[in-house]
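Colleague: Pasting the sequence and the predicted coordinates here, then a few questions.
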Amino acid sequence: MREELENFFERNYNYHTKKLSYTTAPEPNYTTYPELPNNVSELNQNPFIPFSGRVEEKDLFFDREREMRRVFEVLNSGSSIVLIGEEGIGKSSLLWMICQEVETRLNVKRQPVFLDLNLLHNESQFYSELCYEIGIPDSKDYQLTRNLRSCKILLAIDNVGKLTGEGFTRNIRDYLRGLAEGSNAPLKLILAATKPLNNLFKDSQEQGNTSPLAGICQEEHIHPWNEATMRAFITNRLARTSVSFTEEEIIQLIQESGGHPRKLMQLCYRTYSRYVEGLQ
């Protein structure tokens, strides 16, 4: 009798255990589902940022590959170069990105140094900042020349027109030319200016001379974007969003911007903002 009861309980235990094993739901696999943002509005974050100032992120930099190739052709030939274009045309962004590409696209290894003259107010600050960025003792004139003998620098100067202002003299341009002349020179220059250097530095014309920097810098003119490039830019930025601009809006953006990247970015920012405000 006891043995029969034990067999009865064992059979029932096994039956219920198996039944539970079939009816228990499996653990969900959370790794197969994308994580949603904490705030759903992040899905509509405006893709037209930054809409002012230079672009410093590679994934936000658009177009200008032709100009980039031209710049490195000139630099690899042993010359210096100046980017010439209107305000807001994208010179600063291009200048910055060229510095990021030096390691892979420049034949002779040089250390890129970027100086924005809008942040410097006289020659003393210029030389001090130059030495700091290169990593050599603070110096100028002949001592700086000696300190640079073992250096190979690609010096990118943004807003070079600032050298015409109070606190700067022609001497600094003569000095930079001396450091940049010759294929094995310690400096090679890439400048950004709003007009040709001979027109920018009037003191050269007054003395019947050409600008010291114009004599060693090849010119590369930065032109506005054409319609195809502007359309490609808008499409590229909107591709990661749920928003689409109408054809009428795109035509208006193209006409109002005139092909200026900064202005187009600002106009697109406002247009996109109106869509997002309508969704809230």
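Modeller: That came in fine, so what should we check first?
Colleague: Who's the closest spatial neighbour of Phe201, skipping the chain neighbours?
Modeller: Excluding the flanking residues, the one nearest Phe201 by Cβ to Cβ, 6 or more residues apart in numbering is Ser211, at 4.5 Å. From N, CA and C alone the C-beta is placed, and that goes for glycine too.
Colleague: The one you found and Lys188: what is the separation?
Modeller: Counting by Cβ to Cβ, to the nearest Å, the separation of Ser211 from Lys188 is 17 Å.
Colleague: cool, and Lys195?
Modeller: Distance, Lys195 to Lys188, by Cβ to Cβ: 22 Å.
Colleague: picking up where we left off before, could you look up the SS state of the residue nearest to Phe201?
Modeller: Per DSSP: H, G, I helix; E, B strand; the rest coil, the secondary structure class of Ser211 is coil.
Colleague: The protein: helices as residue ranges?
Modeller: For the chain, helices defined by DSSP state H occupy the ranges 2-23, 65-76, 91-105, 123-134, 141-147, 170-180, 197-200, 202-206, 227-238, 247-257, 261-279.
Colleague: Ile216 is nearest to which of these?
Modeller: Of all the helices of the chain, the one in closest proximity to Ile216, counting by Cβ to Cβ, is helix 170-180 (5.6 Å).
Colleague: what comes up buried for that closest one?
Modeller: By 16 or more other Cβ atoms under 10 Å, the buried positions in helix 170-180 come out as Arg170, Ile172, Arg173, Tyr175, Leu176, Arg177, Leu179, Ala180.
Colleague: can you pull up the bridge partners for the closest residue to the last one other than its chain neighbours?
Modeller: For Ala180, the nearest residue in space outside its immediate sequence neighbours is Leu187; the separation is 4.5 Å by Cβ to Cβ, 6+ apart. Per DSSP bridges, residues listed as beta-bridge partners of Leu187: Ile153.
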